[in-house]
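got a predicted structure here, sequence first:
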Protein chains: 2
Amino acid sequence: MTAIKESSTRNFNKQVSAISCPVTYVMNKIGGHWKPIILYHLSNGPKRYSELKRAIPEITEKMLIQHLKQLQEDDLVLRTAEPVVPPFVTYSLTRAGAKLQPVLNAMAVWGLDDMKERR
Amino acid sequence: MTAIKESSTRNFNKQVSAISCPVTYVMNKIGGHWKPIILYHLSNGPKRYSELKRAIPEITEKMLIQHLKQLQEDDLVLRTAEPVVPPFVTYSLTRAGAKLQPVLNAMAVWGLDDMKERR
DNA sequence: TACTTTTATACAAGTACTTACCCCAAAGTA
DNA sequence: TACTTTGGGGTAAGTACTTGTATAAAAGTA
């Protein structure tokens, strides 16, 4: 799962900066390329793993799983597995994750507007 | 400047996905750890290079310059240099950059709230 | 003269992110 | 029997991100 050194200079810096800058705090939680995209797709309601995969065809399975795990650890996403075969796993937003909606919406609005302007 | 291969699989995927998902489009422009942070600091008004450096002590000069350049290329940030020695360079948001304010504000609001909840 | 200031650039090395490919369980279906 | 389905795990290799250190110009200051 690509372990991240707890004590790297990098990690330390990111943690320090999060204390004083709220945007830095947010980026530590949902930064990176895929997380906001995953959260955006989940904001329309819970989805199965395979549905997410279809909704975001460009992401590899590895990345999808990895980010879903990190989002679980940060308590933004909830994983619900039913013990059947083949597996039936559903991902949904937690309360904290649901609160990200205004952020994701603001992003989507800006994105659509910017795409239009540059056309 | 760490050239990025135009034709990497990675790049291709990111471009493809941007077409259908507005959040993906946004992440292609302001994704990564530092860009939103830089934009956030510039949203309070234009700043000199050295002011940005002081405002974000955890970023290295390399990263700061590199991201400022990319933001210029994406037409989100404007660089204004006065031809004096020592140099006097000011960075400010473009019109498109200024429109990101709702996004950055939504982030800040969520961050402050989440920090409070988890205390 | 030597040191400081500001805004960078260049190169090497380390760390993280992403892809590519192969593997698995256990029930259902051909 | 053999193949399909779902939700992953493991490893290696490639690519990008980040740091660290050295370097520069040209005027002002000690």
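Cool, got the structure.

the residue positioned nearest the centre of chain A and DNA strand C, how far apart?
Nearest to the mean C-alpha position of chain A, counting by CA atoms, centre = their mean, stands A:Lys35 at 2.7 Å. Noted for A:Lys35: a distance of 9 Å to DNA strand C, by CB to the nearest atom of the strand, to the nearest Å. In short, each C-beta sits where N, CA and C put it, glycine included.

same question, A:Leu64
Plainly put, A:Leu64 is 9 Å away from DNA strand C if you go by CB to the nearest atom of the strand.

what degree of burial does that residue show, as a neighbour count?
Counted with other CB atoms under 10 Å in any protein chain shown, residues neighbouring A:Leu64 total 17.

test my guess that it contacts A:Ile56.
Yes: look at A:Leu64 against A:Ile56 with CB atoms under 8 Å: they come within range, at 7.2 Å.

find residues that contact each of the two.
A:Trp34, A:Ile38 (CB atoms under 8 Å, 6 or more residues apart in numbering or on different chains).

quick one, strands of chain A?
For chain A, applying DSSP state E gives strands covering A:47-48, A:77-82, A:88-93.

reformat the ones you listed as TSV; add mean neighbour count, mean pLDDT and distance to DNA strand D.
Below are those laid out as TSV (neighbours: other CB atoms under 10 Å in any protein chain shown; pLDDT from 0 to 100; distance: least, CB to the nearest atom of the strand, whole Å):
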stretch	mean neighbour count	mean pLDDT	distance to DNA strand D
strand A:47-48	16	96	4
strand A:77-82	14	96	6
strand A:88-93	16	96	4
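
distance to DNA strand C added to the ones you listed, as TSV?
Shown next, in TSV, are these (distance: least, CB to the nearest atom of the strand, whole Å):
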stretch	distance to DNA strand C
strand A:47-48	15
strand A:77-82	13
strand A:88-93	12
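
which of the ones you listed sits closest to chain B?
strand A:88-93 (12.9 Å; CB to the nearest CB).

that older thread, wait, what's in contact with the closest residue to the residue nearest to the centre of chain A other than its chain neighbours?
Once flanking residues are discounted, A:Lys35 sits nearest to A:His67: 5.5 Å by CB to CB, 6 or more residues apart in numbering or on different chains. Shown in contact with A:His67 (CB under 8 Å, 6+ apart): A:Gly32, A:Trp34, A:Lys35, A:Ile38.

next one: A:Ala96
Counting by CB under 8 Å, 6+ apart, A:Ala96 has contacts A:Asp75, A:Leu76, B:Asp114, B:Glu117.

count the residues that sit near the third one.
A count of neighbours around B:Asp114, defined by other CB under 10 Å, yields 20.

same check, this time on A:Val85
5.

with A:Pro87 instead?
A:Pro87: 11 surrounding residues under other CB under 10 Å.

isn't it up against A:Ser50?
No: applying CB under 8 Å as the test, A:Pro87 and A:Ser50 come out as separate, 9.9 Å apart.

helices along chain A, start to end?
A:9-20, A:22-30, A:35-42, A:49-55, A:61-73, A:95-98, A:101-118 (DSSP state H).

could those helices go into a markdown table alongside mean pLDDT?
A markdown table is the format used below for the helices of chain A (pLDDT from 0 to 100):
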| stretch | mean pLDDT |
| --- | --- |
| helix A:9-20 | 61 |
| helix A:22-30 | 90 |
| helix A:35-42 | 95 |
| helix A:49-55 | 93 |
| helix A:61-73 | 94 |
| helix A:95-98 | 96 |
| helix A:101-118 | 95 |
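
export those as a markdown table, with columns for distance to DNA strand D.
Shown next, in a markdown table, are the helices of chain A (distance: least, CB to the nearest atom of the strand, whole Å):
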| stretch | distance to DNA strand D |
| --- | --- |
| helix A:9-20 | 4 |
| helix A:22-30 | 9 |
| helix A:35-42 | 13 |
| helix A:49-55 | 3 |
| helix A:61-73 | 4 |
| helix A:95-98 | 16 |
| helix A:101-118 | 19 |
